[in-house]
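1. with the sequence up front, the predicted model follows.
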Amino acid sequence: MEETPTKKEEPQPKKGKRHLILAIVLLIIGFLLLSTGAAFAYYNSTTSSDGFSYSNIYHVNTPSYAFTAYMNQFQGGTFSFLGAENIGQLKFIAKNLNPGKELFIGYATTRESESYRQSFQCTIPTYWTWYTEPYYAEIDITTTVQEGTGAPAVLPQTQTFWKTTDQSSETAVMNSLPVGEQYIWFIMNSDGSANITANIQIAFKSPILTMLPLIFLQIGILLLVVGFYLLIRKKKQPSTIE
């Protein structure tokens, strides 16, 4: 009696081959994440101890009662859904160079503070820009002009429209971000007197970028470990001869 020939089964993909492909993919992704995390860590190391990048310094020297500068709204761009406070933080810095005087700096919306600014003599830039990006900040003031007359009728610190303020005989610092509308930065003497002499600058940091290195490095190392494990396991498996 003749045996009925059995149909030869088609070879199935080897499980080990799939593991090899997965291992290579994990190694590639892990290496990319590790490299990206290392790059972020390097750039973060170029900032100050508090994570800020500082702009150039502009020297204010005016006989007026205030130096003021308008600040356009900060644009979060592509990542605005994360919230402005996570994308960027802006620091205003004014170093007092007038011995015996205390410097006042204030930050307010133009809408609420414009009538106060127009009530006395101020110096204002005719053209200026402020620019920030991760790891970089810049202010550019070309020319200024004096507007208004007379001295302020009330001291600046008595006003209620300020979003934030600071006073110091040395260096005044305040943190805020112009979001929602136009703002203005006031630099004055606390006693309301004329002659403002100070070095001003801004500093910027993106908090989200301080967290990314740790996330990328940890995930990258994990993927590399898993990828190497699968690769070593594949090499240890004996090859079968079909």
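-> Everything's here; your move. Small disclaimer: the values here were computed from a predicted structure and weren't measured.

2. run a quick neighbour tally on residue 161.
-> 13 (other CB atoms under 10 Å). C-betas here are computed from N, CA, C, even on glycine.

3. surely residue 128 meets residue 184?
-> No - taking contacts as CB atoms under 8 Å, residue 128 lies outside contact range of residue 184: 11.9 Å.

4. neighbour count winner among those two?
-> Between residue 128 and residue 184, counted using other CB under 10 Å, residue 184 has the larger neighbour count: 22 against 16.

5. now the phi/psi pair for that one, please.
-> Backbone torsions of residue 184, given as degrees, to the nearest 10, read phi -140, psi 140.

6. which residues touch residue 108?
-> Neighbour list for residue 108: 159, 161, 162, 163, 183, 184, 186 [criterion: CB atoms under 8 Å, 6 or more residues apart in numbering].

7. check the residues you listed and tell me the two furthest apart.
-> 159 and 183 (14.4 Å; CB to CB).

8. how about the longest strand anywhere in the chain as PDB, C-alpha atoms only?
-> Determined from DSSP state E, the single longest strand within the chain is strand 196-205. The C-alpha coordinates for strand 196-205 follow below in PDB (Å, rounded to 0.1, in the frame of the first residue of the first chain):
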ATOM      1  CA  ILE A 196      18.400 107.700  35.600                       C
ATOM      2  CA  THR A 197      21.700 105.800  35.300                       C
ATOM      3  CA  ALA A 198      21.600 102.100  35.000                       C
ATOM      4  CA  ASN A 199      22.700  99.000  33.000                       C
ATOM      5  CA  ILE A 200      19.700  97.000  31.800                       C
ATOM      6  CA  GLN A 201      19.300  93.600  30.300                       C
ATOM      7  CA  ILE A 202      16.900  90.700  29.900                       C
ATOM      8  CA  ALA A 203      17.400  87.000  30.500                       C
ATOM      9  CA  PHE A 204      15.400  84.100  29.100                       C
ATOM     10  CA  LYS A 205      15.000  80.400  29.800                       C
END
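
9. quickly run through the sheet partners of it, with directions.
-> Strand pairing for strand 196-205, using DSSP bridges, gives strand 53-54 (antiparallel), strand 58-62 (antiparallel), strand 89-96 (antiparallel).

10. among these, which is the most enclosed?
-> strand 89-96 (a mean of 21; mean count of other CB atoms under 10 Å).

11. which element follows it toward the C-terminus?
-> strand 103-109 (DSSP states H and E).

12. didn't residue 216 look like it was pressed against residue 32?
-> No - checked against CB under 8 Å, the pair residue 216 and residue 32 is beyond contact range at 9.0 Å.

13. which one's more surrounded, these two?
-> residue 216 (20 against 13).

14. any idea which element the more buried one lies in?
-> helix 207-236.

15. what angle do that helix and strand 89-96 make?
-> 130 degrees (axes from the mean of the first three to the mean of the last three CA atoms, to 10 degrees).

16. mind giving me the packing neighbours of helix 207-236?
-> Judged by 3 or more CB pairs under 8 Å, 6 or more residues apart in numbering; DSSP states H and E, helix 207-236 is in contact with helix 15-45, helix 84-87.

17. let me see the domain layout of this structure.
-> The record's domain parsing of the chain by automatic domain parsing lists 15-45+212-236, 53-205.

18. single out the most deeply packed of those domains.
-> By mean count of other CB under 10 Å, the domains of the chain have domain 53-205 as the most buried, with a mean of 17.

19. mean confidence score for that one?
-> Domain 53-205 shows an average pLDDT of 90 in the prediction.

20. do me a favour and get the end-to-end distance for that domain?
-> Start-to-end span of domain 53-205 (CA to CA, to the nearest Å) is 6 Å.

21. mind checking how far it is from the chain centre?
-> 19 Å (CA atoms, centre = their mean, to the nearest Å).
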